[in-house]
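**Q** Can you look at this prediction? I've put the sequence above it.
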Amino acid sequence: MLGFTFGDGDNSWGFLVREVIPRPFQGPTLLVPCFALYGGDLKYPGDPPLLVQMIEQLGAEPQSFVVDEIMIPVVESWAGIARERGILLEPHAQNTLLEIDQDFKPRRVVHRDFDVWIDSDTRRRAGLDVPFLGAGISSTEHSIEQHYSLVYDRFIGHELFDYLLGVIKRFYAVDEKSIVAA
């Protein structure tokens with residue numbers, strides 16, 4: 001990844017150039033930002049969202065597909081990185097990608113933009129160094145629980161899962177309470 005910044009203070013801005021192939025490379029797959037699962041297609045506005053097209057292509061049961069193939073892997077990957085590395089990702093639907101194979105079956109979750117907060121205590125307990133400047137949770141006025149809650153509830157829950165749930169509720173008869181419970 002390559003980053004660029006221009007300017008100083010309030011007039012500064014920047015951008016990232018990312019690699020196209022995720023690491024580790026696991027064969028011919030396609031990376032799909034999760035917002036593309038529920039967004040519309042400007043060229044084909046009458047087509048259902050990509051999530052619905054995937055469910056239909058795979059002949060999958062909608063509720064279990066969304067929970068087992070998307071939601072649970074997103075939570076497991078986020079929780080694993082937070083627990084093992086002390087890195088709180090920014091896992092909203094733009095930064096969370098679903099890697100799918102040629103048959104449109106999800107294979108793994110890929111994250112980008114590791115730029116929110118670092119749990120320095122977790123890193124130290126894991127024997128990892130803490131080379132990050134000013135990104136530690138303890139350097140803010142909010143509690144560690146508030147940081148974890150913001151990432152989980154807001155980024156994952158609201159800015160990703162709520163939209164996926166909205167799509168499958170619109171296209172299928174699903175049990176919203178059991179999805180939320182899962």
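**A** The structure has been received and is ready for your questions. Remember, predicted model here, so these are calculated numbers, not experimental data.

**Q** other SSEs contacting the lengthiest helix in the chain?
**A** When the chain is parsed with DSSP state H, its longest helix is helix 72-85. The contact analysis (3 or more Cβ pairs under 8 Å, 6 or more residues apart in numbering; DSSP states H and E) places helix 72-85 against strand 106-111, helix 120-125. All C-beta spots, glycine's among them, are computed from the backbone N, C-alpha and C.

**Q** out of these, nearest to residue 182?
**A** strand 106-111 (16.0 Å; Cβ to Cβ).

**Q** chain center to the helix or strand that that closest one is followed by: distance?
**A** Scanning forward in sequence from strand 106-111 by DSSP states H and E, the next helix or strand is strand 117-118. Using Cα atoms, centre = their mean, to the nearest Å, the mean C-alpha position of strand 117-118 is found 16 Å from that of the whole chain.

**Q** Same check on stretch 56-68?
**A** 19 Å.

**Q** what's the weakest-modelled helix or strand in the protein?
**A** strand 13-17 (a mean of 68; mean pLDDT, DSSP states H and E).

**Q** that older thread, just the C-alphas of the longest helix of the chain, formatted as PDB.
**A** This file holds the C-alpha atoms of helix 72-85, laid out as PDB (Å, rounded to 0.1, in the frame of the first residue of the first chain):
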ATOM      1  CA  ILE A  72     -20.300 -14.800  11.400                       C
ATOM      2  CA  PRO A  73     -17.000 -14.700   9.300                       C
ATOM      3  CA  VAL A  74     -17.000 -10.800   9.600                       C
ATOM      4  CA  VAL A  75     -17.400 -11.000  13.400                       C
ATOM      5  CA  GLU A  76     -14.900 -13.800  13.800                       C
ATOM      6  CA  SER A  77     -12.200 -12.100  11.700                       C
ATOM      7  CA  TRP A  78     -12.700  -8.700  13.500                       C
ATOM      8  CA  ALA A  79     -12.800 -10.300  17.000                       C
ATOM      9  CA  GLY A  80      -9.700 -12.400  16.200                       C
ATOM     10  CA  ILE A  81      -7.700  -9.400  15.100                       C
ATOM     11  CA  ALA A  82      -8.800  -7.400  18.100                       C
ATOM     12  CA  ARG A  83      -8.100 -10.200  20.600                       C
ATOM     13  CA  GLU A  84      -4.900 -11.500  19.100                       C
ATOM     14  CA  ARG A  85      -3.300  -8.300  17.700                       C
END
